[in-house]
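Asks: Structure of the sequence below:
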Amino acid sequence: MSRIVWLSTRLCRALSMLGGLAVVLMMLHICLDVLLLNLFRVSMHSTPDIVARYYMVAVAFLPLGWLTLKRQMIAVELLDMALPAWMLRVSDVVVGIVGTVIYGLVTYATWLKALREMRSRSFVELVSFQMPIWHSHFLVPAGFALATLACALMTLVLFSPRGQAMLAAQTPDDT
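Replies: Numbers count the residues shown, from 1 in each chain. Okay, here's the model as predicted:
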C-alpha cells in the first residue's frame, strides 16, 4: 500500500507541476507577444490558439489528481456536521466510489475523443499555416486518469488508518 500511495502522489504532483509550468509558459508567451507587438509591430497570430488549446487545457486538467488527493476539490458538506461518525464514513466511501466511477467514465470518453482527434490529425487554420492541435486532447484523459487513481486511492485508504497516515504524509498542507 505504501508503494501505491507513494507512486500515486508522485504522479499526481508531477502532473500538477506541469500544469503550473503551463501557467508560467502561458504568461511568458503572452508577454512576448505583447512586447513584440508594441516594440516591433510584429504579432504572433497563433498566441490565442496556443493559449486556448494547449496552456489552458493543461492548467485546467493536469492538476485534477493532486487536487483530489489534497481534498481541495469543491465539496458540499451541508449535512456532514449533523451525521454521526459512522454515517460520515459510509458517506465518504459512497462518494469515493461514485467519484471513481464517474472519473473513470470521463477518462474513457475523453481517451476515445483524443484517439479520434489523433486519427484525424486535427488542426486549426492560422494566417500562414495549419497548427496541429490533436496533441492537446491527450492532456484531458491524462488529468482525469490521475483523478480516477486519486479518488480510488482516497476511497481505499478510508479503510486503513495506516493508509490515511501515509497519504497525509505524502500530501502535506504547505505544498
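Asks: The lowest-mean-pLDDT helix or strand in the chain - contacts with which helices or strands?
Replies: Every helix and strand in the chain was compared by mean pLDDT, DSSP states H and E; the lowest is helix 161-170, with a mean of 79. Under the contact criterion of 3 or more CB pairs under 8 Å, 6 or more residues apart in numbering; DSSP states H and E, helix 161-170 touches helix 2-40, helix 139-157. For glycine as for every other residue, the C-beta is placed from the backbone atoms N, C-alpha and C.
Asks: Need the winner for burial among these.
Replies: helix 139-157 (a mean of 23; mean count of other CB atoms under 10 Å).
Asks: Format the CA atom coordinates belonging to it as PDB.
Replies: Only the C-alpha atoms of helix 139-157 are listed here, as PDB (Å, rounded to 0.1, in the frame of the first residue of the first chain):
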ATOM      1  CA  LEU A 139      -3.900  16.100 -21.700                       C
ATOM      2  CA  VAL A 140      -7.600  15.800 -20.700                       C
ATOM      3  CA  PRO A 141      -7.700  12.000 -20.200                       C
ATOM      4  CA  ALA A 142      -4.300  12.100 -18.500                       C
ATOM      5  CA  GLY A 143      -5.700  14.500 -15.900                       C
ATOM      6  CA  PHE A 144      -8.800  12.500 -15.400                       C
ATOM      7  CA  ALA A 145      -7.000   9.200 -15.300                       C
ATOM      8  CA  LEU A 146      -4.900  10.500 -12.300                       C
ATOM      9  CA  ALA A 147      -8.000  12.000 -10.700                       C
ATOM     10  CA  THR A 148      -9.600   8.500 -11.100                       C
ATOM     11  CA  LEU A 149      -6.500   6.900  -9.400                       C
ATOM     12  CA  ALA A 150      -6.500   9.600  -6.700                       C
ATOM     13  CA  CYS A 151     -10.200   9.100  -6.000                       C
ATOM     14  CA  ALA A 152      -9.800   5.300  -5.800                       C
ATOM     15  CA  LEU A 153      -6.800   5.700  -3.500                       C
ATOM     16  CA  MET A 154      -8.700   8.100  -1.300                       C
ATOM     17  CA  THR A 155     -11.500   5.600  -1.000                       C
ATOM     18  CA  LEU A 156      -9.200   2.700  -0.300                       C
ATOM     19  CA  VAL A 157      -7.300   4.500   2.500                       C
END
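Asks: That helix packs against which elements?
Replies: helix 2-40, helix 56-61, helix 64-69, helix 85-120, helix 161-170.
Asks: Let me know the angle separating that helix from helix 2-40.
Replies: 150 degrees (axes from the mean of the first three to the mean of the last three CA atoms, to 10 degrees).
Asks: Just the buried residues of the least confident helix or strand of the chain, please?
Replies: 163, 166-167, 170 (16 or more other CB atoms under 10 Å).
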